[in-house]
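S.K.: My questions are about this predicted structure, shown below with the sequence.
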Amino acid sequence: MSSENVIDTIYSNLNAMTQTDKKIAQVILKNPGDAVNYTISELATNAVVSEASVSRFCKNLQLNGFHQLKIELAKVSDDESSYYKVINIDNVQQALANIKDNKNAEITNTLTSIASATIENVMRLIEEARVLQIAAEGNTFPVVEDASYRFNQIGILAICSESWQTSIGQTLNLKNSDVLMVISNSGESKALLKQMAVAKKQGMKIIAITNRNDSPIALEADYHLRTAVRQRVLQSEYYFSRVAAMTVIETIFLLLIAKDRKRLSKIMGHETIISDTKI
């Protein structure tokens with residue numbers, strides 16, 4: 001298992017798990033504080049699986065066994081950000097509070113997982129890039145548009161296209177002085193992997209933002225920034241949180257401004273030009 005906490009590891013792998021592993025994961029995620037005190041037999045019973053299935057679950061998380069799972073759970077069982085709070089529309093105020101806590105947990109766990117050396121290298125690549133191309137698929141594209149808008153505002157030429165065919169056409173016209181940033185939930189998109197291969201042939205460096213450190217896109221990238229999710233739908237599935245991905249983008253944006261305050265004047269210049277379009 002990587003240096004990320006075990007709850008983040010379970011969440012990041014949840015969508016790709018077998019149905020049996022998902023049953024075990026859901027018991028743990030429901031209350032890590034209770035799960036840390038279970039015997040292997042109790043966890044298996046609560047998940048309605050066999051003890052052998054629990055052992056396989058641990059190995060699938062790159063853990064040595066059930067004992068290591070309990071050790072890793074003990075490290076995070078008192079951390080509020082390790083818990084998913086169920087959203088029940090019967091109590092709207094409580095639902096709003098739970099959404100807030102879940103989103104705060106996503107932001108907290110996303111930012112705490114970023115190593116200083118990694119973010120510094122990512123910033124350097126973006127600053128030195130002739131062109132920063134940003135790519136994603138489907139409902140992740142709004143994050144790409146936001147990133148392109150922000151980086152252009154501070155004087156970094158960023159391009160993107162919602163059409164993958166157009167986007168990869170752009171990549172074919174880029175050079176080794178350019179950088180590709182890829183944003184993906186699972187990190188398994190065939191189209192984005194193909195685009196990364198083209199970028200590598202062009203000599204470009206690649207930054208990836210995904211939910212999994214061991215995903216194909218993360219492993220193929222030069223630098224990877226992992227997002228953490230705490231939102232679930234249909235009890236067992238989760239979707240790619242734009243909050244977590246946009247947090248990574250905004251973090252890079254704010255750090256670049258903090259590094260060079262002159263970038264603020266570029267934002268002001270841009271805002272001045274577009275101000276006459278506002279009421």
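M.R.: That came through, no problem.
S.K.: Just read off the phi/psi values of residue 224.
M.R.: Torsion angles at residue 224 (phi, psi; degrees, to the nearest 10) stand at phi -130, psi 130.
S.K.: That one - how many residues pack around it?
M.R.: Residues lying near residue 224 (other C-beta atoms under 10 Å) number 22. Using the backbone N, CA and C atoms, a C-beta is placed for each residue, glycine as well.
S.K.: Name whatever forms a beta bridge with it.
M.R.: Assessed by DSSP bridges, residue 224 has beta-bridge partners residue 208.
S.K.: Next, work out how far apart it and residue 273 are.
M.R.: Distance, residue 224 to residue 273, by C-beta to C-beta, to the nearest Å: 36 Å.
S.K.: Check residue 113 too.
M.R.: Taking C-beta to C-beta, one finds residue 113 at 37 Å from residue 273.
S.K.: Between the two, which has more neighbouring residues?
M.R.: Neighbours per residue, other C-beta under 10 Å: of residue 113 and residue 273, the larger number sits with residue 113, 18 against 9.
S.K.: shouldn't the more buried one be in contact with residue 11?
M.R.: No. Using C-beta atoms under 8 Å, residue 113 is not in contact with residue 11; the gap is 11.7 Å.
S.K.: Show me whatever sits in contact with both of those two.
M.R.: Among the neighbours of residue 113, those also in contact with residue 11 (C-beta atoms under 8 Å, 6 or more residues apart in numbering) are residue 228.
S.K.: So residue 227 is in contact with residue 248, correct?
M.R.: Yes. Here residue 227 lies in contact with residue 248, judged by C-beta under 8 Å, at a distance of 6.2 Å.
S.K.: buried sites along stretch 164-171?
M.R.: Neighbour counts using 16 or more other C-beta atoms under 10 Å place 164, 167, 168, 170, 171 of stretch 164-171 among the buried residues.
S.K.: Make JSON lines out of those and add distance to residue 135.
M.R.: Output for those, formatted as JSON lines (distance: C-beta to C-beta, whole Å):
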{"residue": "164", "distance to residue 135": "8"}
{"residue": "167", "distance to residue 135": "5"}
{"residue": "168", "distance to residue 135": "8"}
{"residue": "170", "distance to residue 135": "9"}
{"residue": "171", "distance to residue 135": "8"}
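S.K.: could these be laid out in JSON lines, adding pLDDT and distance to residue 256?
M.R.: Listed next are those as JSON lines, based on pLDDT from 0 to 100; distance: C-beta to C-beta, whole Å:
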{"residue": "164", "pLDDT": "94", "distance to residue 256": "27"}
{"residue": "167", "pLDDT": "97", "distance to residue 256": "23"}
{"residue": "168", "pLDDT": "97", "distance to residue 256": "27"}
{"residue": "170", "pLDDT": "97", "distance to residue 256": "22"}
{"residue": "171", "pLDDT": "98", "distance to residue 256": "23"}
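S.K.: Many thanks, have a good one.
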